[in-house]
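Novice: Structure for this input, please:
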Amino acid sequence: MMKGKGNLLRNIIFDLGGVLLELDVQKTFDAFGEMGLSKEIMMEKYNREENFFIQFEKGQISANEFRASLRTMMGNSVSNEKIDYAWNEMLRGFKIDTIRLLSNLSGKYPLYLLSNTNEIHLPFYSEQFREKSGGTTFQKHFTETYYSHIIGTRKPEPASFRYVLNDAGIEPKETLFIDDFEENCVSARETGLVAHQFKPEENLGEVLGRYGMVEEWEDGRVE
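Specialist: Below you'll find the predicted structure:
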């Protein structure tokens, strides 16, 4: 097993959206806006401590209950298909370099995924990956995948990180966690993980190189 240079890092936990998967949340706001639901109303609802968006991510309500809550906000009877289309509009797919990187890394490190997601998004981006990769399944590249709506807890809740560490049987000090949200990285560090907040301008391969987990990086190729 490859080991990070000069450190103890042996495992990688990836966030999904904003790290591996390209996101554009404004696309979803725009799509719902065309159905009469404004960004301001959606954000006001999301920023409440307990809301149906978070409940959906934690698997506490079903997809149909989530859709019904959106219809109540919109005050109309929009179809499931239109709601799902708008909800999935934020998911902009995978870069080919990201797919190559995962393919190369999976033979060198145990890779894990910890994602705040839901039962509408999961099949959609899984199909995006399959189409972009030429038929490879997304899950194939990971030792294990952990989805918030399945494990019942979401980042930045410490329980989400403890769940992964306990289920995978890995040591936090030997594990690099990469996420684009600061609050998730702070919580991960408090759990003992080595955490990196990924920025839009960064290159994922170069980030891994700085942690000694990739010796050479060029266009998705890892040495």
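Novice: In this structure, where is pLDDT below threshold?
Specialist: 1-7, 49-50, 216-223 (pLDDT under 70).
Novice: Could I get the full set of helices for it?
Specialist: With DSSP state H, the ranges of helices along the chain come out as 25-33, 39-46, 52-57, 63-74, 80-88, 96-105, 121-133, 148-151, 158-168, 182-190, 204-210.
Novice: okay, these in a markdown table with mean neighbour count next?
Specialist: The way it works is simple: take the backbone N, C-alpha and C, and place the C-beta from them, glycine included. Below are the helices of the chain laid out as a markdown table (neighbours: other CB atoms under 10 Å):
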| stretch | mean neighbour count |
| --- | --- |
| helix 25-33 | 17 |
| helix 39-46 | 13 |
| helix 52-57 | 19 |
| helix 63-74 | 16 |
| helix 80-88 | 16 |
| helix 96-105 | 19 |
| helix 121-133 | 16 |
| helix 148-151 | 19 |
| helix 158-168 | 17 |
| helix 182-190 | 17 |
| helix 204-210 | 17 |
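Novice: Distance to R10 added to those helices, as TSV?
Specialist: Shown next, in TSV, are the helices of the chain (distance: least, CB to CB, whole Å):
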stretch	distance to R10
helix 25-33	34
helix 39-46	36
helix 52-57	29
helix 63-74	37
helix 80-88	35
helix 96-105	12
helix 121-133	25
helix 148-151	22
helix 158-168	11
helix 182-190	16
helix 204-210	13
